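> Quick one, structure for this:
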Amino acid sequence: MDLIKANEGTARQPAPGAPTATPIFGGVEGGPDVGLVRVKVPAGAGMPAHRHSGSDIILTTITGMVRISIGDESVEVHPGDSVLITKDEAVSLANPGTSAAEVLVAAGPAHFIETVRAWPEPTAN
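Residues are numbered from 1 along each chain as shown. Below is the predicted model of the structure:
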C-alpha cells in the first residue's frame, strides 16, 4: 500500500499558461497498471484537443467546473461528476468559470501518466 498526501508530488505543465498536473500514481517502470493525476485548471485556462497516449481516462471534478469537448459535443463536469474519455477520443478541456478548478484523472493503462511525468515543471511567472 502506498499513501500520497494531498500536497505531495511534483507539478508538471505542458506549456506556459496551461493547467498544471501532478502525477500521483503510475507512469513509472514497475508501477501499477493504472495511474492517477491531480490537475489544477485556472479560471479561463484550458487545453486544446488532445489524446491520452493510449489510456482510457476517467475525469472527476473536485472543485470548480470544467467543460470537456469532443468535436461538437460538450459537457460541463461539476464537483462529484465523472466523465469517461476513451483512448481513441480527442478531447479538449476548458475552465470557463471565474475560479480555479481541480480534477482527478484516472488512467488505465497508465501510459498517459508516463507522458505527464515527462512534462516540464511550471515556470515562475
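> Show me where the chain dips below the pLDDT cut-off.
124-125 (pLDDT under 70).
> Strands of the protein, residue ranges please.
20-25, 35-41, 46-50, 56-63, 66-70, 73-77, 82-85, 91-94, 101-108 (DSSP state E).
> Mind exporting the C-alpha coordinates of the second one to PDB?
As requested, C-alpha coordinates have been extracted for strand 35-41 and formatted as PDB (Å, rounded to 0.1, in the frame of the first residue of the first chain):
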ATOM      1  CA  GLY A  35      -2.500   5.900 -12.900                       C
ATOM      2  CA  LEU A  36      -3.800   9.000 -11.100                       C
ATOM      3  CA  VAL A  37      -3.000  12.600 -11.700                       C
ATOM      4  CA  ARG A  38      -4.300  15.800 -10.000                       C
ATOM      5  CA  VAL A  39      -4.900  18.600 -12.400                       C
ATOM      6  CA  LYS A  40      -5.400  22.300 -11.500                       C
ATOM      7  CA  VAL A  41      -7.100  24.400 -14.100                       C
END
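> mind listing what it pairs with, with the direction of each?
In the sheet, strand 35-41 lines up against strand 20-25 (antiparallel), strand 101-108 (antiparallel) (DSSP bridges).
> now do the third one
In the sheet containing strand 46-50, the strands it pairs with under DSSP bridges are strand 91-94 (antiparallel).
> Would you mind writing the CA trace of the partner strand as PDB?
Output of strand 91-94 as PDB, limited to C-alpha atoms (Å, rounded to 0.1, in the frame of the first residue of the first chain):
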ATOM      1  CA  VAL A  91     -10.800  15.900 -26.200                       C
ATOM      2  CA  SER A  92     -10.300  19.500 -25.100                       C
ATOM      3  CA  LEU A  93     -10.700  20.900 -21.600                       C
ATOM      4  CA  ALA A  94     -11.600  24.400 -20.500                       C
END
